[in-house]
Every structure is written in structure tokens, then in C-alpha cells.
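Asker: turn this into a structure:
(2 chains)
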Amino acid sequence: MTNGPNRKDKYFGKDEPVDVEAAWQRFQEAADQPPVSETPSSRSAARSSKSAATPLAYPALTGAPRTTAGRMRLALAATVIAAAFLAGATLSPVRTIASDLLRVLHLSSVEEIKSPPGKRSETGPMQTGDSPLGRLTYVPSQMSEEIERPLARKLLGAPIAEPQSLPHGYESQSVMALSEEKISLKLDSAKVAAALKAAGDASGTGGTTKTSPPASVDGATITRIIPPSVIVIYSDPGQPDPSKTAIMLAQRQQPILSSSGVDLDYVKNNLLELLPSRLREQLSIKDWEHSLPIESDPSRTKSDKVLIGNGFPGLYFSQAEVHGVTWNAGGRTFTLAASPSALSRSELLLLASSVPPKP
Amino acid sequence: MVEREKGAVEGEHGDFRAVFDAHYPFLFNLALRTTGDREISDEVAQDVMIRLYRLGIAGELGDNLRSWLARVCLNASYDRIRAEGRRKHYTAKISTESDAGLNIEGAAGQSAEQEVISDETRRVVAAILSRLSDRDRGLLLLKHSGLSYQEISAALNIRVTSIGKLLSRAQSRFERLYFAEEGGSR
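Answerer: All right, here's what the predicted structure looks like:
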């Protein structure tokens, strides 16, 4: 062995001088970019986020968790809720025509719809009841306790996709599931006619719609089913508080949209005219055959389109204490989310690119 | 820990400035020894500092702060190496350079007084380190970055009484690989 002290220095060298001042300037710029967690405003935003997702039930998150797994779930609540929000498990439940349509017309790929301003105060839990177009029936998904992987595979109907380049030290800690969510809108022709007329009157053009609803509309039902989601939580047990730096991957089969008694094209071509003009303008540029409208509140969620692995289009979103990306690949919708303190945006997108299938 | 005057504190990050000044050079040099790449090392050191800042646990960590930073820095460096495929790149590079009869031996033969080794030597060392186990690599990097046995123990979750023996073995494995890269001349 030839490990004299001088020889070691030849291998590893001594510390190089560092321009700490320049590094500090870069640090300040970078630290300011994503929202800093645990500020009063971010905590408020997190509460708001949770409130918006009240249709989801989180029985494990009530009370003071005593176990590590419980604390981890609690810390991940905002992450899961935000991810579920953007994965389509719930939409902003504005009880308006716009929200009803957006709820029902979830399709396959990701398109973001900014919420109209001035509507946030109307938000409340989505629930079964009368809608301006008919009757809305909502069966919310439920968050499970930790489940075994065989059950998760069964719920997913396929093997669980895993990130291939988890940060060092990270491992799968638990698997949970969101049960199926089902939303049905049973149309009432009188209400539809009134809504179409009102929309036309409001447009000031003598009517934006050119047709009255066909007779088949009455009692026709549009149903959207979001299959169960499997959520795998990864963390590094070596971290002082693994829950703060946990990473979550949610995945599910793509939603199923069906109708009885009404042509979906009719909905597309006519009922969408009922949407507020700002939403309609956004929707008019979408590929309806392959689009999943996601309603987001731009005051709370920053987002932009990204490419996952230079192949699959996705939507990056950032809230106060969580950021993530959702994308479709291989017939599944994925959402990868973490605290900004766990993964930077570039690390998050890189990790998302490692989730199979790859382009 | 570097002490700074109050007047040097800047902006909302000011309270963190002393921590940054004290530990950023350590992080940069640890990342540099691990990755062999200055640009990546700067990014890794910045990422680790941002992570510490956002977690807000610098005060809680107390005497364990440097061990925590070291572990996070090592992990982040490994991640970068893996993500960018640098391990393969380095392996190929070393192979090519060995075949060409160049410069690993020259690097080993540099003056013992030389304080700052060349970028090329750093890359070669980083490539060889990448072939070691995480534990061996961590032991060597942290020891040569100036951590005490106690700090290494905390960073790598290894009993402090085992550090000396494990470090010696890691050094031997490193040197065997290093000399093997020189074409088995030693």
C-alpha cells in the first residue's frame, strides 16, 4: 500500500479557492425563484388547496399521527391533494355550467384551463345535486390507507411503473390508492334550452347557438370515470425528516368518457358555447379528441407546458409547498410531485423522464 | 464557522449568509472531488445550500450540520453523475487515455507540494471513485475533504470505531484501481 499523506493529496488535491461572494449572489437569485415553504402565505395557500379538494377523503390525515408513516402521510397531504387536483381527481367545484362541463368532459391528455377570475369565491365541495344543465351525480374517490403492492397492481390493471433514477438513498416507503371517481351529468332538455338561450342572449349576437337541443338530450347522460390511482411514496430514511423530502408518483389508467342518448359531438359543438368566453377561447384551440381540460387557479398554481424525456407533453405545476408534473404515456396518466426542497424543477423533470414507458 | 459582521448581512437571506460562507467552499470542493466537474460542482453546492435553506434546519442540526451537508452533497453528486451518464463517459475516457499511454501516470507523478491538482487528474480520480462502493467512495471523499471520524460516522451511518479500518481498506481498493488504470505497471 502506498498511502503516504503526500500521495493522497496527489489523488484528491487540496481545497480549491472559491468565490463565495459570487456564489452567494447566485444562491440568492435561485433561492428566490420557487416559493419558499412554510411562510404564512404558503400555509394559507396549502389550506386553500386542501379546501378545494374536500371531495377527497383522507381518513389517515385526521388527528395527530403518531407513527412515522402517519407523519409522512400528513406532510404529504398537500402534495397528494395537489397532484390529485391536477391529475383530474377533482376540479374546482364552481357550481356553474362551466364547471359542470369541465368536470364531465375530461378526456385523455393534459390541457390547462385557467379559471375565470372572480369565480373563486364560489368554490365549494363538488357534490351530487342540481346543475344548470340537469343533475350532477358525483361519486368521489377515497384515499386508502397503505396497501400492498399486489392490490395496487390489481387496481391499476398493470404493473406499477417506477422511476428509474431515484435520488440516492430514496426507496419506496408506502403505496396508497385513490379509488375510482365517477361523475355523471344527466341532462334536462328544458334546462339545456334555457342555458343555450341565456348564453345566446348574453352574447348579444342573437344567440351563440344555432340549434335547439334535440329531444334526445332530455335524460341523456354523460359519464366520466377516472380509474383508481396508485400513489407510491419514496423517501430517504436517512434524512432528518423524510416526510419533508418525500417524492410521490401517482399513476392511473386514462379516464373513460361515455354517453347515453346524446352525441358527444353535440356537447362539444353546442354546450361548450355555454362556457364563459375566456374559457371558450381557450377550449377552442384544444384537440378535443385527446384533451384533458384541467382547471387551475392561476393565483395559486403556476404552470407551464413541458416535454417529459423530450417526448411526452406534460404540464409542470408549482404551488406554495409542492411542485410536480403530470403527463400521459402508454395509456396512463402520471403525476410526479415533491416539495421544492426535495427536488428542483430540473431534477423533477429528469426523474419524470425516467418513469417508463419512455418515448 | 465563519463569523460575519452584522453589516454584511443582506436581504431576506441574510440570516443564512454565515452558514453559506462557512460551508459553501466545503460543499463545492467535496462535489468537485466527487464529480471532477467544476460547473456541476457549483450547481450541486448551490442545490444543497438551497435545500438546507428551505428546510430551515441549519439551527436544529447544530454540530451535525457538516455531516448532513456532506451526505446530501455526496448523494446529489452521485445523482448528477448517474443522471448525466458521466460514469460511462469517464470509464470510456480513462480507457481511451490508458490505451493512448497518457497521463494517469503523469498525474500520479506530480509534485507532492502541488496544492491544486489538475482538472484532468480530478476527472480521473472521480472516475475511479465511481467504481467503488458508495461506502468506500464516501469514506475517501469525506476524509480527504477534512471531516473528522466523528463527522464521517454521522454522515455515513458507520460506527466511529470502524472508520479507521474501513478507510484503510477503501484507500487500498482505490489505489488498486488507480494503478490498474495505469496498465498494471505497479
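
Asker: tell me which element B:Arg135 falls in.
Answerer: Remark: B:Arg135 resides in helix B:134-144, with elements defined by DSSP states H and E.

Asker: now the helix or strand just after that helix - C-alpha only, PDB.
Answerer: Per DSSP H and E, helix B:134-144 leads on to helix B:149-156 as the next helix or strand towards the C-terminus. Written as PDB, here are the backbone C-alpha positions of helix B:149-156 (Å, rounded to 0.1, in the frame of the first residue of the first chain):
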ATOM      1  CA  TYR B 149     -14.000  10.400  12.100                       C
ATOM      2  CA  GLN B 150     -17.000  11.500  14.200                       C
ATOM      3  CA  GLU B 151     -18.400  13.600  11.300                       C
ATOM      4  CA  ILE B 152     -17.800  10.800   8.800                       C
ATOM      5  CA  SER B 153     -19.600   8.400  11.200                       C
ATOM      6  CA  ALA B 154     -22.600  10.700  11.300                       C
ATOM      7  CA  ALA B 155     -22.700  11.300   7.600                       C
ATOM      8  CA  LEU B 156     -22.400   7.700   6.500                       C
END
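
Asker: quick one: mean pLDDT for helix B:149-156?
Answerer: Helix B:149-156 shows a mean pLDDT of 84.

Asker: likewise for stretch B:173-185?
Answerer: Stretch B:173-185 comes out with an average pLDDT of 75.

Asker: just list the residues touching the closest residue to chain B within the stretch 151-300 of chain A, thanks.
Answerer: Of all residues in the stretch 151-300 of chain A, A:His168 sits closest to chain B, with a separation of 3.8 Å (Cβ to the nearest Cβ). Bear in mind the C-beta positions are built from the backbone N, C-alpha and C, glycine included. Under the criterion of Cβ atoms under 8 Å, 6 or more residues apart in numbering or on different chains, the contact partners of A:His168 comprise A:236, B:74-76, B:78-79, B:134.

Asker: now those residues: which count as buried?
Answerer: The neighbour count (16 or more other Cβ atoms under 10 Å in any protein chain shown) marks A:236, B:74-76, B:78-79 as buried among the contacts of A:His168.

Asker: just the ones of the residues you listed in helices?
Answerer: Under the assignment DSSP state H, the buried ones among the contacts of A:His168 contribute B:74-76, B:78-79 to helices.

Asker: wait, B:Thr34 sits on B:Asp79?
Answerer: No. The pair B:Thr34 and B:Asp79 does not pass the contact test of Cβ atoms under 8 Å, sitting 10.6 Å apart.

Asker: out of the ones in helices among the buried ones among the contacts of A:His168, the closest to chain A would be?
Answerer: Taking Cβ to the nearest Cβ as the measure, chain A sits nearest to B:Asn75 out of these, at 3.8 Å.

Asker: tell me the pLDDT at that closest one?
Answerer: Per-residue pLDDT puts B:Asn75 at 81.

Asker: ditto for A:Thr67
Answerer: As summarised for this prediction, A:Thr67 has a pLDDT of 43.

Asker: which residue is nearest the centroid of chain B?
Answerer: The residue lying closest to the centre of chain B (Cα atoms, centre = their mean) is B:Leu30, at 2.9 Å.

Asker: which helix or strand contains that one?
Answerer: Applying DSSP H and E as the criterion places B:Leu30 in helix B:14-35.

Asker: run through the bridge partners of A:Asp130.
Answerer: Here A:Asp130 shows beta-bridge partners A:Arg135, assigned using DSSP bridges.

Asker: look up how far A:Leu185 lies from it.
Answerer: According to Cβ to Cβ, to the nearest Å, A:Asp130 stands 11 Å off from A:Leu185.

Asker: these two: which has the busier surroundings?
Answerer: Comparing A:Asp130 with A:Leu185 by neighbour count (other Cβ atoms under 10 Å in any protein chain shown), the higher total belongs to A:Leu185, at 26 against 11.

Asker: did I read that right, the more buried one in a helix?
Answerer: No. The secondary structure assignment for A:Leu185 gives strand rather than a helix, going by DSSP: H, G, I helix; E, B strand; the rest coil.

Asker: show me where chain B dips below the pLDDT cut-off.
Answerer: Under the criterion of pLDDT under 70, the regions of chain B flagged as low confidence span B:1-14, B:83-118, B:182-186.

Asker: and the host helix or strand of A:Ala31, what does it pack against?
Answerer: Mapping A:Ala31 onto the secondary structure by DSSP H and E places it in helix A:20-32. Helices and strands in packing contact with helix A:20-32 are listed as helix B:14-35, helix B:38-55; criterion 3 or more Cβ pairs under 8 Å, 6 or more residues apart in numbering or on different chains; DSSP states H and E.

Asker: make TSV out of those helices and add distance to chain A.
Answerer: Shown next, in TSV, are the helices and strands packed on helix A:20-32 (distance: least, Cβ to the nearest Cβ, whole Å):
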stretch	distance to chain A
helix B:14-35	4
helix B:38-55	4
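
Asker: tell me which of these lies nearest to B:Ile158.
Answerer: helix B:14-35 (17.1 Å; Cβ to Cβ).

Asker: that closest one vs helix B:38-55, what angle?
Answerer: Counting by axes from the mean of the first three to the mean of the last three Cα atoms, to 10 degrees, helix B:14-35 points 140 degrees away from the direction of helix B:38-55.

Asker: for helix B:14-35, buried residues please.
Answerer: Buried residues in helix B:14-35, counting neighbours by 16+ other Cβ under 10 Å, are found at B:16-35.

Asker: hmm, back to that, quick one: the residue lying closest to the residue of the stretch 151-300 of chain A closest to chain B once chain neighbours are set aside from A:Glu181, how far?
Answerer: Closest residue to A:His168 in three dimensions, ignoring its sequence neighbours and counting by Cβ to Cβ, 6 or more residues apart in numbering or on different chains: B:Asn75, at 3.8 Å. Applying Cβ to Cβ, the value for B:Asn75 to A:Glu181 is 37 Å.

Asker: next one: B:His144
Answerer: Distance of B:His144 to A:Glu181, given as Cβ to Cβ: 55 Å.

Asker: ok, these two, which is more surrounded?
Answerer: Set side by side, B:His144 and A:Glu181 give different neighbour counts by other Cβ under 10 Å, the larger being at A:Glu181 (27 against 21).

Asker: verify the stated contact: the more buried one with A:Pro140.
Answerer: Yes. Counting by Cβ under 8 Å, A:Glu181 does reach A:Pro140; the two are 6.0 Å apart.
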